[in-house]
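need a structure here:
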Amino acid sequence: MVDDEIITLKITRKLLTENGYDVDIASGSSEAMKLLGSQKYDMVIVDITMPTISGFDLIQLMQSFDYNAPVIFLSNNDNEWTIEEAYNIGAKRFVSKEKEFNFLPAIVREILAEV
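Presented below is the predicted three-dimensional model:
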């Protein structure tokens, strides 16, 4: 899970851990790249709007290194353009923090069952 908001990281990790998932967190893209460089993840959940490197740029960087874990964008930035761009970049799912956050464990389960 990559997000620049520490509270979001903690709440998301708690929600997913309570549902049986192991979750590593990164408070930014550079920290995320260190984690991604040291191990393989089944999935990457990332916010879009972050300082220095956006979630979109992070995913494109991962793709340039052939890191092909499925991606969920978890964001408050849920306008039509952002959602479309998330899917164009290759996200498996876009999840609105405000509207769909409580469904995240089920969404993760669904995507992991597909791969």
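
From now on I want contacts and neighbour counts done on CA atoms only, so please keep to that.
Fine.

so where's the longest helix in this protein?
Longest helix in the chain, counting residues (DSSP state H): helix 6-18.

and the spatially closest residue to Val44 that is not a sequence neighbour, what pLDDT?
Leaving aside its chain neighbours, Val44 sits nearest to Val71 (4.9 Å; criterion: C-alpha to C-alpha, 6 or more residues apart in numbering). You'll see Val71 listed with a pLDDT of 97.

dump the residue contacts of Val71.
Taking C-alpha atoms under 8 Å, 6 or more residues apart in numbering, we find Val71 in contact with 43-46, 59, 90-93.

So which of those residues are in helices?
Ile59.

ok, so of the contacts of Val71, who is nearest Ile7?
The shortest gap between Ile7 and any of these belongs to Val46, at 14.2 Å (C-alpha to C-alpha).

Next, the closest residue to the closest one other than its chain neighbours: phi, psi?
With sequence-adjacent residues excluded and distances taken as C-alpha to C-alpha, 6+ apart, Val46 is closest to Val2, at 4.6 Å. Val2 has phi and psi values of phi -120, psi 120 when expressed as degrees, to the nearest 10.

correct me, but Val2 touches Met33?
No: checked against C-alpha atoms under 8 Å, the pair Val2 and Met33 is beyond contact range at 9.9 Å.

For the host helix or strand of Glu84, buried residues please.
According to DSSP states H and E, Glu84 maps onto helix 80-89. Within helix 80-89, the residues scored as buried using 16 or more other C-alpha atoms under 10 Å are 82-83, 86.

List the contacts of it.
Helix 80-89 is contacted from outside by 56, 59-60, 73, 93-94, using C-alpha under 8 Å, 6+ apart.
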